[in-house]
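**Q** I would like the atomic coordinates for the input below:
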Amino acid sequence: MSKASLKIIAAASLLLAATACTSSGEKGKPNPTSGASPTSGSSGSARELPKRPAELKLDGVDACKLLTQAQMDQVKVAETVPRKLEVANLGEAPGCFYENGLKYTYAASLITNKGVPFWLSGSGNVDVKVVDVAGYGAAQITLTGTQGFDCAVAVDVAEGQQLHFLYSPGSEKGDSQEQMCSKVNKAAALAVETLKTLK
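**A** As a prediction, this is how the structure comes out:
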């Protein structure tokens with residue numbers, strides 16, 4: 001198996017492990033989020049998304065063009081790998097891995113069948129808090145009870161749609177949870193700026 005294939009499999013495994021965990025039910029069979037209790041780390045008014053500055057529809061967007069070369073340099077990635085990605089139980093979506101060799105990967109997914117409120121409704125095994133990404137409300141998502149595993153952010157770019165970014169360390173370990181979330185938020189913010197120019 002090639003080095004590229006191994007990287008893709010590793011990154012895909014992390015993507016699924018980080019975001020597909022839901023509460024109760026059989027292992028490997030996610031449950032719907034309706035009726036689930038709120039996740040820790042996000043409650044009350046903090047769970048409300050601010051009004052979008054503008055609608056940035058994801059339909060027809062190339063996930064591997066969300067970061068320009070200059071932006072890729074800013075987050076220190078050199079390679080893009082287009083892939084269909086599945087986040088939680090939302091089905092496959094157009095996606096792209098932005099990679100720095102085996103050190104770390106950003107996985108971008110263009111989810112057009114479910115908006116960011118999906119994360120705020122209380123799906124299990126993840127802690128969610130509302131953050132600002134380039135002026136847009138977003139859900140920052142981490143696995144409950146873990147530190148330094150990875151961090152994801154889902155940006156509320158359009159009604160019923162979300163720009164989902166995940167940062168996964170590979171061989172480059174040692175970042176705190178806060179550092180990883182800062183990295184993914186920065187990459188997602190750059191992608192939002194690019195998305196504005198693609199419309």
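
**Q** hey, let's count contacts and neighbours off CA atoms from now on
**A** Fine.

**Q** give the contact list for His164.
**A** The contact partners of His164, taken as CA atoms under 8 Å, 6 or more residues apart in numbering, are 108-111, 152-155, 188.

**Q** measure it to Leu143 for me?
**A** In this view, His164 and Leu143 are 15 Å apart by CA to CA, to the nearest Å.

**Q** what residues sit buried inside stretch 125-140?
**A** 125-134, 136-140 (16 or more other CA atoms under 10 Å).

**Q** pLDDT weak spots in this structure?
**A** 1-46, 123-124, 199 (pLDDT under 70).

**Q** what segments of it are strands?
**A** Assigned strands in the chain, in chain order: 79-86, 92-100, 104-111, 126-133, 136-143, 151-158, 161-169 (criterion: DSSP state E).

**Q** export those to a markdown table and append columns for distance to Ala54.
**A** Formatted as a markdown table, the strands of the chain follow (distance: least, CA to CA, whole Å):
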| stretch | distance to Ala54 |
| --- | --- |
| strand 79-86 | 26 |
| strand 92-100 | 22 |
| strand 104-111 | 17 |
| strand 126-133 | 13 |
| strand 136-143 | 9 |
| strand 151-158 | 8 |
| strand 161-169 | 13 |
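
**Q** between the contacts of His164, which is nearest Pro50?
**A** Val155 (11.3 Å; CA to CA).

**Q** am I right that Cys64 is in contact with Val81?
**A** Yes: when contacts are counted by CA atoms under 8 Å, Cys64 is listed as touching Val81 (7.3 Å).

**Q** more neighbours: the two, which one.
**A** Neighbour count, other CA atoms under 10 Å: between Cys64 and Val81, Cys64 has more, with 20 against 15.

**Q** so what's the more buried one up against?
**A** So Cys64 contacts 80-82, 95-98 (CA under 8 Å, 6+ apart).

**Q** and those, which of them are buried?
**A** 80, 82, 95-98.

**Q** which residue packs closest to the residue most central in space within the chain, ignoring adjacent ones?
**A** Among the residues of the chain, the one closest to the centroid is Phe165, at 2.8 Å (CA atoms, centre = their mean). Using CA to CA, 6 or more residues apart in numbering and skipping the chain neighbours, the partner closest in space to Phe165 is Ala108 (4.6 Å).
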